[in-house]
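Q: just a sequence and a predicted model for now, questions to come.
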Amino acid sequence: MTFTTDTSISSFGGKLLKLSHDSPVTGTKMVVNIYLPHQYFDDETTKLPVLMYLSGLTCTPDNASEKAFFQPYANQYGFAVVFPDTSPRGANIEGEDDSWDFGTGAGFYLDATQKPWNKNYKMYSYIMKDLIPQIASSYDTLDTHKMSICGHSMGGYGALMFYLRNPDVFQSCSAFAPITNPSECQWGKKSFSNYLGDDKTLWAEYDPCDLVKKFTGDKRPILIHQGTADAFYAKDHQLQPEKLVNASTQSPLNGMIDLHLVDGYDHSYYFISSFVKEHCQFHAKYLGLN
Ligand SMILES: N[C@@H](CCC(=O)N[C@@H](CS)C(=O)NCC(=O)O)C(=O)O
């Protein structure tokens, strides 16, 4: 299957492409946005690294494309940014649209094992086995062997989880207000029990606090920003970045979780866009761009 370009929008000297494709993995039509920096159009031979950005609960690829402001830094360093969706849509599963923190917009980047979700809710395999290979085959000058990953909230969890499981695929990882211990917070428990069932050994295969202890990749820092005025952090305890720091003390990444608690910032894209520069600078270093 190839991408259909639904829209192409000029932005900061590059272009944002809004794409769709039929995914054999999810069995649904999937949408994805890709930001191509000006280098992509200036020079048709040089391969450009890729930054994957995973969004949080309720998001489509458009939230970050419109409000995170990766574009100036993508142009400064010369990398493309991929914004996948957060779940399959329109799978016609009963209950899929009943709540904002489960089902549509809340795929948790995992492969569901439980009925009725296990037919379509396979975001882990979608990203690894469908989206990334398809970007590689559709865009000759995007280098998916030079790829880093970041994300926000549920997408921050996704970024940590993909990186910790696949250090050979992703050069570096960062997160904004990530859910770090999904097995031990309300959002995670709701999704993991419905998508994965009761077997906690399966939960551990997706939980960054478990995965960090088994990490086999290079000893590189993971950059995390967390706003102190974020109610999901301060009041609801959904995010718990300190738990990842604690878990990492028993791992090769001891001392490498670079957690910045930033005073007064909330959970919104005003927070993300305030620190996107630091995250781009961080990834550019590991992508060999600065
Ligand atoms: N809908 C939820 C909030 C969900 C939420 O904050 N989602 C975050 C990710 S966890 C987000 O990025 N929302 C979309 C946006 O801010 O553009 C509520 O009403 O409390």
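A: Yep, it's here.

Q: only C-alpha atoms from now on, for both contacts and neighbour counts.
A: Fine.

Q: what number of residues lie near L239?
A: Residues near L239, counting by other CA atoms under 10 Å, number 29.

Q: check G151 too.
A: 26.

Q: isn't there a strand covering it?
A: Yes - assessed with DSSP: H, G, I helix; E, B strand; the rest coil, G151 lies in a strand.

Q: contact partners for it?
A: Contacts for G151 (CA atoms under 8 Å, 6 or more residues apart in numbering) come out as M52, Y53, L54, S55, G56, Y157, G158, A159, S174, A175, F176, P178.

Q: could you redo the last one with a cut-off of 10 Å?
A: 52-56, 64, 83, 157-160, 173-178, 224, 272 (CA atoms under 10 Å, 6 or more residues apart in numbering).

Q: repeat that for C59.
A: Contacts of C59 by CA under 10 Å, 6+ apart are P84, D85, T86, S87, W100, T104, G105, A106, M154, G155.

Q: also S87?
A: 26, 30-31, 57-60, 102-110, 120-123, 126.

Q: and the pLDDT at it?
A: Looking at S87, its pLDDT is 98.

Q: not counting its neighbours along the chain, what's nearest it?
A: G107 (4.3 Å; CA to CA, 6 or more residues apart in numbering).

Q: T228 and S268, how far apart?
A: Relative to S268, T228 is positioned 12 Å away (CA to CA, to the nearest Å).

Q: okay, and the common contacts of these two?
A: A177.

Q: the more surrounded of these two?
A: T228 (18 against 15).

Q: surely that one is in contact with Q240?
A: No - between T228 and Q240 there is no contact under CA atoms under 10 Å: 11.4 Å.

Q: hang on, the earlier thing: ok, which of the contacts of S87 also contact the ligand?
A: L57, T58, C59 (CA under 6 Å from any ligand atom).

Q: any idea which element L289 lies in?
A: For L289, there is no host helix or strand (DSSP states H and E).

Q: same question but for T5, I mixed them up
A: According to DSSP H and E, T5 maps onto strand 4-11.

Q: still on that earlier bit, show only the entries of the contacts of S87 found in helices.
A: If you go by DSSP state H, the contacts of S87 have M123 in helices.

Q: ok, the nearest residue to T113 once chain neighbours are set aside - contacts?
A: Nearest residue to T113, sequence neighbours excluded (CA to CA, 6+ apart): L196, at 5.2 Å. By CA under 10 Å, 6+ apart, the contact set of L196 is L110, D111, A112, T113, Q114, K115, W117, N118, K189, L202, W203.

Q: one more: M147?
A: M147 touches 48-52, 79-81, 132, 168-173, 283, 286-287, counting by CA under 10 Å, 6+ apart.

Q: try E66
A: Shown in contact with E66 (CA under 10 Å, 6+ apart): L16, Y269.

Q: likewise for L253?
A: 212-222, 245, 247.

Q: just the buried ones from the contacts of M147, in PyMOL syntax?
A: Applied in PyMOL, the following selects the buried portion of the contacts of M147 according to 16 or more other CA atoms under 10 Å:
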select buried, resi 48+49+50+51+52+79+80+81+132+169+170+171+172+173+283+286+287
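
Q: filter the contacts of M147 down to the ones near the ligand?
A: Okay, of these, nothing touches the ligand (CA under 6 Å from any ligand atom).

Q: among the contacts of M147, which lie within helices?
A: I132, H283, Y286.

Q: roughly how far apart are the closest residue in space to L142 that isn't next to it in sequence and Y73?
A: Leaving out its chain neighbours, the residue that sits closest to L142 by CA to CA, 6+ apart is L48, at 4.9 Å. L48 is 13 Å from Y73, where distance means CA to CA.

Q: and for F162?
A: F162 is 23 Å from Y73, by CA to CA.

Q: these two: which is more packed in?
A: A direct count of neighbours by other CA under 10 Å for F162 and Y73 places F162 higher, at 24 against 20.

Q: quick one on the thing from earlier: give me the buried subset of the contacts of C59.
A: P84, D85, T86, S87, T104, G105, A106, M154, G155.

Q: list the ones among those residues that fall in strands.
A: P84 (DSSP state E).

Q: for the ligand, what's the nearest residue on this structure?
A: G56 (3.7 Å; CA to the nearest ligand atom).

Q: report pLDDT for that residue.
A: At G56, pLDDT is 98.

Q: circling back: just put the contacts of L196 in a markdown table and tack on secondary structure and distance to S20.
A: As requested, these are exported to a markdown table (DSSP: H, G, I helix; E, B strand; the rest coil; distance: CA to CA, whole Å):
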| residue | secondary structure | distance to S20 |
| --- | --- | --- |
| L110 | coil | 21 |
| D111 | strand | 21 |
| A112 | coil | 23 |
| T113 | coil | 26 |
| Q114 | coil | 27 |
| K115 | coil | 26 |
| W117 | helix | 22 |
| N118 | helix | 22 |
| K189 | helix | 31 |
| L202 | helix | 31 |
| W203 | helix | 30 |
